[in-house]
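>>> could you look at this predicted model? Sequence included:
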Amino acid sequence: MDIYLVRHGVTRWNIEKRYMGHSNEPLIDQELHMLNPLRSTLEMISFDFCYSSDLKRCIDTFKYLLPNELVCLDFRLRELHFGDWEGLTYDNLKSDKNYQEWLSDWKEKAPPNGESFIQFNGRISTFLAELHTQNHLTSINSNVLIVTHGGVIRSIMKSFNLTNTFWELHVQHGTAYRLSLQQQRGKWICNSWSVVPILEKEN
């Protein structure tokens, strides 16, 4: 099974470096051109299943990339919920004691009225388990497109031991991460991964 993980296009809050989890910010129309190289690549691939976070920035990204394809929306593909900190920046929060405690122990603690990292990983794991079961039942080598968020992509990459830490990977807009998965002894492993489209190296 080949999974293509795509981060949504650019929003105003991305540029302003605001915490954006479950907030439903739209894409910036003027930045959609960044998705064109990826769109050209994905149009050449036949996808058996397409999934997207149910938030607007992901839905609109999918519609721009593959306007003629059907997509299944799944709330489990949402970004981490930052609760009361949604829409705020580091400068807004740096003097907040709860925020500093969260930075020191972000895996265990949750933002006020938000979601812990354990809860976040849990819902992503259940989505992946269902995806693996579905692929096993179809008995085909599926191509699967998933349009989601930076944190979700980091979580999935870490779950397959493709990164050493959650924060290691800089997940770019307009880029897909292709994971080739195989089942060995009842467990799915990733035997290779690549960036799509291939990025040109700077001289």
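Yep, it's here.

>>> just the strands in the protein please.
For the chain, applying DSSP state E gives strands covering 2-7, 49-52, 72-73, 143-148, 176-184, 187-196.

>>> got the angle for the first one vs strand 176-184?
Strand 2-7 and strand 176-184 meet at an angle of 150 degrees, taking axes from the mean of the first three to the mean of the last three CA atoms, to 10 degrees as the criterion.

>>> pLDDT on strand 2-7, on average?
For strand 2-7, the per-residue pLDDT values average out at 97.

>>> tell me which residues of the lowest-mean-pLDDT helix or strand in the chain come out buried.
Across the helices and strands of the chain, the lowest-confidence element by mean pLDDT, DSSP states H and E is helix 117-138, at a mean of 88. Residues of helix 117-138 classed as buried: 117, 120-121, 123-124, 127-128, 131, 135 (neighbour count, 16 or more other CB atoms under 10 Å). From N, CA and C alone the C-beta is placed, and that goes for glycine too.

>>> deepest in the core, which of the strands of the chain is it.
Highest mean neighbour count among those (mean count of other CB atoms under 10 Å): strand 143-148, with a mean of 24.

>>> who does that strand pair up with?
Take DSSP bridges as the rule and strand 143-148 pairs in its sheet with strand 2-7 (parallel), strand 49-52 (parallel).

>>> wait, which of these is closest to Ile189?
Checking these against Ile189 by CB to CB gives strand 2-7 as the closest, at 12.6 Å.

>>> what inclination does that closest one have with respect to strand 187-196?
Angle, strand 2-7 to strand 187-196, by the same axes, to 10 degrees: 60 degrees.

>>> give me the low-pLDDT residue ranges for this structure?
For the chain, applying pLDDT under 70 flags the ranges 136-140, 198-203.

>>> tell me if I'm right that Leu55 and His81 touch.
No: at 11.1 Å, Leu55 and His81 do not qualify as touching, with contact defined as CB atoms under 8 Å.
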